[in-house]
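Chemist: whatever this is, show me its structure:
(2 chains)
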Amino acid sequence: MTRTGDRSMSASQIQAGLRPLAWNGLRLRVPMDWEPARLGRDYLGLESPDGPVMEIRFTHGAGKAAPVDVVRRMLKKSAVAVEVADSAVPRHWLAALSGRENAGFSCAGTPASRGVASLCRTCGALMVVRFFPAGEGEGGGLAREILASIRDHGREGAAFELYGIRLDPPEGMGLVRFSFLPGRFDLEFSGPGRTLGYSRFAPADVLLAGGDVAAFAARQLSVPGVKLAFTPTRWRLREAAQAVTVPPAGPVDAAADVILRFFRRRRQARVLVWREEAANKLAAVVWCGVHPPDAGEFDKVCAGYGIF
Amino acid sequence: MGFFRKKDAAAAGGLTRGEALSFVPVKNVAVRQETTQDGKIRLTYPVTVRPAFSGMLRRLGVWDGRPSDKTLELDELGATTWGLTDGRRSVRQVAEAFAGRYGLGAREAEIAVASFFRELGRRGLVGFQAPAAPGDDQSSGSAAKA
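Modeler: Residues are numbered from 1 along each chain as shown, chains lettered A, B, ... in the order given. Presented below is the predicted three-dimensional model:
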């Protein structure tokens, strides 16, 4: 067998052991036992059971900044020895990010690390990827496959896929808040005149003990300035509860509604909570805005929220 | 950028996450366990009152000098974790069993179980035994203060 054959077999073996991961529009494939350990809106830090393995910082508005300058600027206050040169990383790492402007770098220290800053000249998406020794794999092969799998722009695949949730917020909505606490995950997005929140609760059998989804939702979910009344329902064959802002009753209330909406003071909400029996988890979507959320669009958003 | 200024816990003399998860939680033998009528687990454990406070209580004849008891009622998740604490399983193994029981992710279960043990350790309900080095007898592991 040729050396090329050996290498491609090794690459396919590595790829078979990878799973998809996505965070705020950055999509990549990582080994099964790597989990996000530190998150920021433009940052993803991954750990394996052995410790830190990889970090990525990314932005979509880098303009025409040269990756070499970006890395130099980032590392100029570093206390450890730094080398910014393509020779600092294996050549196949840079080749994995073909079609982009790349700069390799390495940092001494404990643990040592090396990585690549990469810019898409077309859209200005910039990412700085750093691997620790435990994340590089043999001969840097694992890091190469991960780099080749990274997509930091476009909308192919879900924008978020981690910790057993998968979602893709509607276009124009940006992440404003997130929290991953044991038992409860929350992500909140904001767009023109509306906010959209996704939540996940677990374990469902414990949280629902002695009650139904509607009672649970009334305890756990609230929207400031909006009164929510949950009613039990079924949604796509699942046990669920929903709450929709009550329309104004009577002429006085209707007039007040028009005035408050004009001054963007009245918020309308639509909330759906459902139980994912197979995963033993509860999912919730809270849509809130000045105008009442469209039922069809809301249903589409809920259907795109996967819990596994 | 922040990630280049990250503190290394191990280098600073602390434990890495992997090392911390390998410790074995051991129940305090002085803790009494009972099951309440609604099926919850109630733990009763002795606490030593602070000296200044205890001195005043002793002068007033309210306290006889013996440690007083406190109780802690566990919810279902806490009770499961407490039940998994057998003095042999490490924190990681307890977290794995917990994750399997409730269908949670490994990381989520680890954080939940670790924070539960940290709280129990703070109250003195559990201690932590260092994992035995390869080749060592299990009983020779040193106990870490909670």
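Chemist: just give me the neighbour total for the nearest residue to residue B:63 once chain neighbours are set aside.
Modeler: Spatial nearest neighbour of residue B:63, excluding adjacent residues (CB to CB, 6 or more residues apart in numbering or on different chains): residue B:57 at 3.7 Å. Where C-beta positions appear, they are placed from N, C-alpha and C, glycine not excepted. For residue B:57, the neighbour count with other CB atoms under 10 Å in any protein chain shown is 15.
Chemist: ok, the one 5 residues further on next?
Modeler: The local packing of residue B:62 (other CB under 10 Å) involves 9 other residues.
Chemist: please apply the same query to residue A:225.
Modeler: 10.
Chemist: that one and residue A:268 touch, don't they?
Modeler: No. Counting by CB atoms under 8 Å, residue A:225 sits too far from residue A:268 to count as a contact (10.6 Å).
Chemist: in a helix, that's where the residue nearest to residue B:63 is, yeah?
Modeler: Yes. Looking at residue B:57 with DSSP: H, G, I helix; E, B strand; the rest coil, it is inside a helix.
Chemist: verify the stated contact: it with residue B:66.
Modeler: No. Using CB under 8 Å, residue B:57 makes no contact with residue B:66, being 11.5 Å away.
Chemist: scan chain B for its longest helix.
Modeler: In chain B, assigned by DSSP state H, the helix with the most residues is helix B:106-123.
Chemist: that one: which residues count as buried?
Modeler: Buried positions in helix B:106-123, judged by neighbour count with 16 or more other CB atoms under 10 Å in any protein chain shown: B:106-114, B:116-117, B:120-121.
Chemist: before we move on, what about stretch A:184-193?
Modeler: Applying 16+ other CB under 10 Å to stretch A:184-193 flags A:184, A:185, A:186, A:187, A:188, A:189, A:190 as buried.
Chemist: check stretch A:84-93 too.
Modeler: A:84, A:88, A:89, A:90, A:92, A:93.
Chemist: ditto for stretch A:27-34
Modeler: A:27, A:28, A:29, A:30, A:31, A:34.
Chemist: hmm, back to that, what's the closest of the buried residues of helix B:106-123 to residue B:23?
Modeler: Closest approach between those and residue B:23, by CB to CB: residue B:117, at 8.7 Å.
Chemist: what ranges does chain A have for its helices?
Modeler: Counting by DSSP H, the helices of chain A are A:3-16, A:67-75, A:91-95, A:133-136, A:141-149, A:204-207, A:213-220, A:251-262, A:295-303.
Chemist: same thing with chain B?
Modeler: Using DSSP H, helices in chain B cover B:17-21, B:51-60, B:76-84, B:91-102, B:106-123.
Chemist: do the first one and chain A meet at all?
Modeler: What that stands for is helix B:17-21. Yes. Using CB under 8 Å from any CB of the partner chain, we find that helix B:17-21 touches chain A at B:17, B:18.
Chemist: could you name the helices and strands sitting against that helix?
Modeler: Applying 3 or more CB pairs under 8 Å, 6 or more residues apart in numbering or on different chains; DSSP states H and E, one finds that helix B:17-21 contacts helix B:91-102, helix B:106-123.
Chemist: ok, 7 Å please
Modeler: Contacts defined by 3 or more CB pairs under 7 Å, 6 or more residues apart in numbering or on different chains; DSSP states H and E place helix B:17-21 against no helix or strand at all.
Chemist: hmm, who's touching that helix?
Modeler: A:49, A:50, A:51, B:90, B:91, B:92, B:110 (CB atoms under 7 Å, 6 or more residues apart in numbering or on different chains).
Chemist: do you know how far the third one is from chain B?
Modeler: For residue A:51, the distance to chain B under the criterion CB to the nearest CB, to the nearest Å works out to 6 Å.
Chemist: need the pLDDT of that residue.
Modeler: Looking at residue A:51, its pLDDT reads 86.
Chemist: I figured it hits residue B:15, correct?
Modeler: No. Residue A:51 is not in contact with residue B:15 according to CB atoms under 7 Å; the separation is 11.4 Å.
Chemist: those two: which is more packed in?
Modeler: A count of neighbours by other CB under 10 Å puts residue A:51 above the other of residue A:51 and residue B:15, at 19 against 14.
Chemist: contact partners for that one?
Modeler: Neighbouring residues of residue A:51 by CB under 7 Å, 6+ apart: A:134, B:16, B:17, B:18.
Chemist: what is the nearest of those residues to residue A:59?
Modeler: Using CB to CB, residue A:134 is the member of these that lies nearest residue A:59, at 26.2 Å.
Chemist: farthest-apart pair in the contacts of residue A:51, please.
Modeler: Of all pairs drawn from the contacts of residue A:51, the one with the longest distance (CB to CB) is A:134 and B:17, at 12.8 Å.
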